[in-house]
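Colleague: Quick one, fold the following:
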Amino acid sequence: MATNASRAVGVDIGGTGIKAGIVDLDAGELISDRVKVATPAGAEPADVLAAVKEVLETLEAPADLPLGVAFPAIVKGGRTMSAANVSKSWIGFEAEKFFEHGLSRDIHFANDADVAGIAEVRYGAAKGIDGLVILTTLGTGIGSAMIYDGVLVPNSELGHLQRSGHKRDAEGYAAYSAMEREELSWEKWAKRLQWYYDYVEFLFSPDLIVVGGGVSKHSEEFLPLLKLRAPIVPAKHRNNAGITRPRHRRCPPGRMQQRNDPGEHHRHSRADRHVLVRRHLRGRRAGRDRGARVDRGRRVPDRGAQQGRRSREGDGRAADLPGREHVRAVGRRDARRPGAARRSPGHHGSGGRRDDRRRGGSGNPLRLIPAGTAPVSSAAGDDLGRRVPGRGLLAHPAE
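Modeller: Model (predicted):
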């Protein structure tokens with residue numbers, strides 16, 4: 001068992017989750033369970049502090065261990081200077097003092113991607129690499145760390161590279177959250193990542209690019225699709241990037257290894273199934289949207305046209321579709337109000353008559369009314385069931 005001098009408690013505050021664990025600083029490995037709670041909605045400082053207290057109480061770490069907190073913002077002298085995926089209250093906020101007072105202990109407060117970058121250089125995928133290493137974390141946003149010959153260049157914030165002619169910056173376009181939000185396939189998301197990493201490579205010519213964040217456990221799905229001059233590899237420690245950060249500045253931050261959890265295989269399986277189900281549902285929605293028309297905010301399934309044609313050949317009724325909101329097309333006369341003439345919506349004055357003549361009608365405008373009215377006679381002839389663009393299934397009134 002490692003001694004207290006070689007251990008520390010790390011807390012990683014993210015846009016969607018807050019994680020904590022105890023780490024062996026010599027090996028850069030997690031030696032406790034990882035505790036995680038959701039980031040409070042709005043991510044106000046007081047709410048985030050309460051969530052951090054919750055994970056530390058659950059972790060039951062000794063009070064004499066150094067504590068480091070990683071946060072997704074520019075951090076200078078313990079003060080947060082930006083707020084991309086948290087409350088704007090963090091801008092210019094004395095975060096380190098706030099947490100020290102709230103937790104009643106000394107802490108060290110740092111940018112989350114910088115912590116992850118140092119961890120990869122010291123323990124992970126970038127260990128022993130000379131020159132410029134750029135780490136990016138793909139999650140709610142895109143974090144970045146730049147390390148040149150083992151020396152950190154802090155607060156690089158390459159996730160906020162601007163896109164010419166677009167309102168969204170790089171992370172709004174290419175972060176993993178954009179893939180989930182827009183339900184992109186791995187291939188479509190990889191095209192966005194190609195644009196991003198091409199841009200980064202052109203600006204900085206790195207010797208190695210390391211990709212971290214939770215999605216890095218699926219790196220085989222998208223990294224082989226990227227074509228870059230520099231090698232690009234997944235982070236060794238994946239989504240445990242910012243947990244380890246000792247309070248003493250002379251001690252570089254560590255980064256934990258993914259814990260050996262018997263359920264890990266099943267979590268990966270569920271994640272893969274989630275992607276497949278999402279693609280399946282997206283295909284079904286696309287097919288449903290192509291096969292339907294909308295009239296005045298109501299969906300008119302194409303099946304209505306098929307059943308309308310069948311009814312013309314059978315009992316002369318425009319068939320109802322059980323369990324579906326749909327409309328039936330009739331002329332001016334409505335069985336609910338015998339003898340009452342009604343104008344078709346959208347036909348005003350002579351414009352309606354001109355529209356009817358364009359459709360080849362006989363001067364009697366066609367109208368859509370809700371289901372539940374009297375059946376439509378098929379005596380009107382061949383125009384029954386005819387579909388008019390933008391109007392749905394139409395029929396002439398009974399003669």
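Colleague: ranges for the strands of the stretch 151-300 of the chain?
Modeller: Using DSSP state E, counting those that start in this stretch, the strands of the stretch 151-300 of the chain run over 151-153, 208-212, 232-234, 292-295, 298-301.
Colleague: Would you mind checking which of those scores lowest on average pLDDT?
Modeller: Lowest mean pLDDT within the strands of the stretch 151-300 of the chain: strand 292-295, a mean of 44.
Colleague: so Ala20 sits right up against Val9, yeah?
Modeller: Yes - between Ala20 and Val9 there is a contact under CB atoms under 8 Å: 6.7 Å. From N, CA and C alone the C-beta is placed, and that goes for glycine too.
Colleague: shared neighbours of those two, which are they?
Modeller: Shared contacts of Ala20 and Val9 (CB atoms under 8 Å, 6 or more residues apart in numbering): 56, 59.
Colleague: Residue ranges in the stretch 201-350 of the chain under the pLDDT threshold?
Modeller: Judged by pLDDT under 70, the stretch 201-350 of the chain has its weakly predicted residues at 239-350.
Colleague: at 50 what do you get?
Modeller: 241, 244-271, 273, 292-305, 308-350 (pLDDT under 50).
Colleague: tell me the domain ranges of this protein?
Modeller: In terms of domains, the chain is parsed into 4-248, 262-289, 292-393 (source: automatic domain parsing).
Colleague: so what's the closest residue to Asp114 other than its chain neighbours bridging to?
Modeller: Spatial nearest neighbour of Asp114, excluding adjacent residues (CB to CB, 6 or more residues apart in numbering): Ala145 at 4.9 Å. Note on Ala145: beta-bridge partners by DSSP bridges are Leu135.
Colleague: what about Ala145, distance to Met81?
Modeller: According to CB to CB, to the nearest Å, Ala145 stands 16 Å off from Met81.
Colleague: same check, this time on His166
Modeller: Computed as CB to CB, the His166 to Met81 distance reads 24 Å.
Colleague: Which one of the two is surrounded by more residues?
Modeller: Between His166 and Met81, counting by other CB atoms under 10 Å, Met81 is the more crowded of the two (17 against 10).
Colleague: list the contacts for the spatially closest residue to that one that is not a sequence neighbour?
Modeller: Leaving aside its sequence neighbours, Met81 sits nearest to Ile74 (CB to CB, 6+ apart; 4.1 Å). Residues in contact with Ile74 (CB under 8 Å, 6+ apart) are 80-82, 111, 155, 157.
Colleague: Of those, which is the most crowded?
Modeller: Within the contacts of Ile74, most neighbours by other CB under 10 Å means Asn111, with 27 neighbours.
Colleague: I figured that residue hits Lys76, correct?
Modeller: No - using CB under 8 Å, Asn111 is not in contact with Lys76; the gap is 9.4 Å.
Colleague: okay, and the common contacts of those two?
Modeller: Common neighbours of Asn111 and Lys76 (CB under 8 Å, 6+ apart) are Asn155.
Colleague: ok, Gly78 touching Glu96?
Modeller: Yes - in this structure Gly78 lies within contact range of Glu96 using CB under 8 Å: 2.9 Å.
Colleague: measure Glu89 to Asn111 for me?
Modeller: For residue 89 the amino acid is Ser, not Glu. Ser89 is 18 Å from Asn111, by CB to CB.
Colleague: One more: Leu138?
Modeller: Separation of Leu138 from Asn111 (CB to CB): 16 Å.
Colleague: Lys167 too?
Modeller: As judged by CB to CB, Lys167 and Asn111 stand 25 Å apart.
Colleague: residues near Leu103, how many?
Modeller: 17.
Colleague: What pLDDT is listed against Leu49?
Modeller: 96.
Colleague: Show me which residues of the helix or strand harbouring it are buried.
Modeller: Applying DSSP states H and E as the criterion places Leu49 in helix 45-59. Within helix 45-59, the residues that count as buried by 16 or more other CB atoms under 10 Å are 45, 48-49, 51-52, 55-56, 59.
Colleague: Kindly report the same for stretch 151-166.
Modeller: In stretch 151-166, counting by 16+ other CB under 10 Å, buried: 152, 154-159, 161.
Colleague: ok, the residues you listed vs Asp26, which is closest?
Modeller: Nearest to Asp26 among these: Leu152, at 20.0 Å, using CB to CB.
Colleague: I appreciate the help and will end here.
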